[in-house]
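Trainee: coords please:
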Amino acid sequence: MKFINFAIVRFSIFLVLGILTAHFYPISHISLSWLVILFSCVLVLWLWARNQLIQTAHFGIATYLCFFAIGHFSYQMRLPQFQEKHFSHVSTDDAPQILQLKIVKTFKPDKFNLKYLAKVDAVQGKSTTGKILLSISKDSMKTALPADKAMLVYAPIAKIEKQLNPHQFEYSKYMESIGVYGQVRISHKDILKIEDGSATITGFAQNLRAGIVEKLQRTRLKTDERAIIQALVLGEKNDIDKELYSDYAAAGAVHILAVSGLHVGILYYILSFLFRPLGFGKNGAIIKSILIVLLLWGFALLSGLSPSVSRAVTMFSFFAFAKLLDRQTSSINTLFLSFFMLLIINPLWLFQVGFQLSYLAVFFIVWLLPLFRKIIYSKNWFVREIGSIGIVSLCAQIGVLPLSLYYFHQFPGLFLMTNMVILPFLTILMFGAVLIVILATFEFLPDWLALSYNFLIEIMNGFIHWIAVQEDFLFQDIHFSVLKVLGSYLLITTLALFLKKATYQRMAISLTAISLFISVYIFDSFRNSQNRFMVFHQNRKTLIGYKNGRNLTVFSNDTIKNISQTYPVKSYKIGINTKNYSEEPLRQLFRYKNKNILVMDSLGTMPKKRNIHTLLLTNSPKINLNRIIDSLRPKQIIADGSNYPSYVARWKRTCQSKKLVFSHTGEQGAIVME
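Mentor: Purely as a prediction, here's the structure:
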């Protein structure tokens, strides 16, 4: 791996190590003075090393430690506890306060609420910083608020609830990855004042995007086709139908709907073609490059500055700059330079899925493409070009597969066919989408063009749907742990190195990686084979799981069958790598590890057996808990999500007076007995 000699690659690695260390092992106090001292040491060592004939490792070690410290410091300084003016230091979770908010971004609404990313400019008149998730009831406000709107509201800032069941998507962690550490839920009556705030570039871009979407809605474009155009050009996916999105995911073409490096690359070649005449004039190459870079950044800004778009535009900017200076540049070097720059600007991006997948896909394309081209080569131009599309798709898929399995638990087996059919026409679709957006913006879109584009998108959607319904080629519910991800990348890397240059040493390393990967699978199976009895948390329902090895049985009072595909069972079933699954009606009495567990529902029926270890209260039974405790003498009491909160609060007080262990799934999450 010769590219590892590039300094920027090593700097990036140590920067990432610093960020990861700060994320998993944060320290209680940070000081800028330590960073200044470290920089001073590096400067002194550099000045000393310049005059030395035989270089030592001291300067290199100090430099790497410096970038490690930069990563650590830049991440921690973005945490609320290290920001003096962060709203979390002056607000309380339950007390309503006067909050001065400013809309930053519009999120996709749910059934009941409009959702926004908002800055907290002040709490009770005191200047603050920080971002929150703002939810406004749809019943009280029908129209969405534009970006840069300032609001004065009277409401508490609450924490974003953590996931209460194991192996579920952690929404709170996702919000933390974009710097959000609280939420505000309001209706129109809680809003004291709304006015225009100070204008920002991002706010202008978002409002421009919203205005273009509104104009597109007034054209002859159909709903699904318009949603595709909005996704291709504007990065706006809110209007994409859920079933249509699922089809694209099942076909392995969901990357088409997310503005990424692919779209930026197509736009780059379109702009290069359009501005080609400029290159013939004096200083034309400079003007052309500057215009293309500015327009690409404008496109990135308009589409929301997602990590993948920012990565692509940054790379193209570096390529254009190197071309202007007439200097040779390496794709790997440029990739890591953009990676380094973006993490310096925002280290939180490292924990966003789009950022991770984008860089992995490009890295493996750049690294593996020459290898595959040597293996698969044809003298026929057409076969070679079509083959190149397949090879690029294959390299990207190899790069993102382990992480995709970890996050999404499915693999589209026909992804190669999908990409080889769709990608050759994506340039035409992209060019048409850009043209339609421009014409619609100036309200000059002819009906024949809209109808023609409808027809093209309908054909594409039809093909995607046909691929998606080939269920035998869609592998779902795949368990993939963090250890399997690391083992997979180690295996892929060592095998690729061996194929690039077959030596005894690389073969030995590859065989070792294979052995480690098999060991990871064995360890993962052993770790998931432990027995467990679990009370899930679910509102208005009772769910009990019994795990015996890799066999899972779910007991429920729900009359709906096949709850294996519903929350929270589906994710839990994948997370524990279930081999066999079954469902049974809820019982009154369970026995687990010689302990009797009594389920008392709304009927409050007393059992004949008195040797009860755990009492599970469900469906708000009207009982005298004091008498029940005196009669059954349980060691602990559990209340699940099917009970009224007032009942739970009363039972909790009773247990406290009796000095008895009380657990509520609504507070503590799922209760697990191992």
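Trainee: who touches the spatially most central residue of the chain in this structure?
Mentor: Most central in the chain under C-alpha atoms, centre = their mean is Val353, positioned 3.9 Å from the mean C-alpha point. Applying C-beta atoms under 8 Å, 6 or more residues apart in numbering to Val353 gives the contacts Leu403, Tyr407. For glycine as for every other residue, the C-beta is placed from the backbone atoms N, C-alpha and C.
Trainee: Roughly how far does Ile574 sit from Gly252?
Mentor: To Gly252, Ile574 is 19 Å away according to C-beta to C-beta, to the nearest Å.
Trainee: before we move on, what about Val264?
Mentor: Taking C-beta to C-beta as the measure, Val264 falls 20 Å from Gly252.
Trainee: higher neighbour count, the two?
Mentor: Neighbour count, other C-beta atoms under 10 Å: between Val264 and Gly252, Gly252 has more, with 27 against 22.
Trainee: Do you know the pLDDT at the nearest residue to the more buried one once chain neighbours are set aside?
Mentor: Nearest residue to Gly252, sequence neighbours excluded (C-beta to C-beta, 6 or more residues apart in numbering): Phe415, at 2.9 Å. In this model, Phe415 is scored at 87, pLDDT.
Trainee: do the same with Tyr567
Mentor: If you check Tyr567, the pLDDT there is 84.
Trainee: neighbours of it, just the number please.
Mentor: 14.
Trainee: before we move on, what SS does it have?
Mentor: Applying DSSP: H, G, I helix; E, B strand; the rest coil to Tyr567 yields a three-state assignment of coil.
Trainee: what's the answer for the one 3 residues further on, then?
Mentor: Taken by three-state DSSP, the conformation at Lys570 corresponds to helix.
Trainee: from now on call the first residue 550
Mentor: Okay, residue one is now 550; in that scheme the one you just asked about reads as Lys1119.
Trainee: who's in contact with it?
Mentor: By C-beta under 8 Å, 6+ apart, the neighbours of Lys1119 are Asp1026, Ser1113.
Trainee: where's it relative to Ser1068, distance?
Mentor: To Ser1068, Lys1119 is 29 Å away according to C-beta to C-beta.
Trainee: ok, now Phe1024?
Mentor: Distance, Phe1024 to Ser1068, using C-beta to C-beta: 23 Å.
Trainee: what's the answer for Phe563, then?
Mentor: 29 Å.
Trainee: neighbour-wise, which of these two wins?
Mentor: For Phe563 versus Ser1068, neighbours defined as other C-beta under 10 Å are more numerous around Phe563 (18 against 12).
Trainee: Touching, that one and Phe617? I think so.
Mentor: Yes. Phe563 lies in contact with Phe617 (C-beta atoms under 8 Å); the separation is 4.6 Å.
Trainee: Tell me where the stretch 1000-1149 of the chain has strands.
Mentor: Ranges of strands in the stretch 1000-1149 of the chain, per DSSP state E, counting those that start in this stretch, are 1023-1024, 1081-1084, 1092-1097, 1100-1105, 1129-1134, 1138-1141, 1144-1149.
Trainee: which element follows the helix or strand of the chain with the lowest mean pLDDT toward the C-terminus?
Mentor: Sorting the helices and strands of the chain by mean pLDDT, DSSP states H and E puts helix 581-599 at the bottom, at a mean of 62. Downstream of helix 581-599, the first helix or strand assigned by DSSP states H and E is helix 607-625.
Trainee: Can you name every helix or strand that that next one contacts?
Mentor: Contact partners of helix 607-625 among helices and strands, from 3 or more C-beta pairs under 8 Å, 6 or more residues apart in numbering; DSSP states H and E: helix 556-573, helix 581-599, helix 880-894.
Trainee: got the buried residues for that helix?
Mentor: For helix 607-625, a neighbour-count test (16 or more other C-beta atoms under 10 Å) marks 608, 611-613, 615-625 as buried.
Trainee: and Leu1092, what does it touch?
Mentor: Per C-beta under 8 Å, 6+ apart, neighbours of Leu1092: Val1084, Phe1085, Val1103, Phe1104, Ser1105, Asp1107, Ile1112, Pro1117, Val1118, Asp1189.
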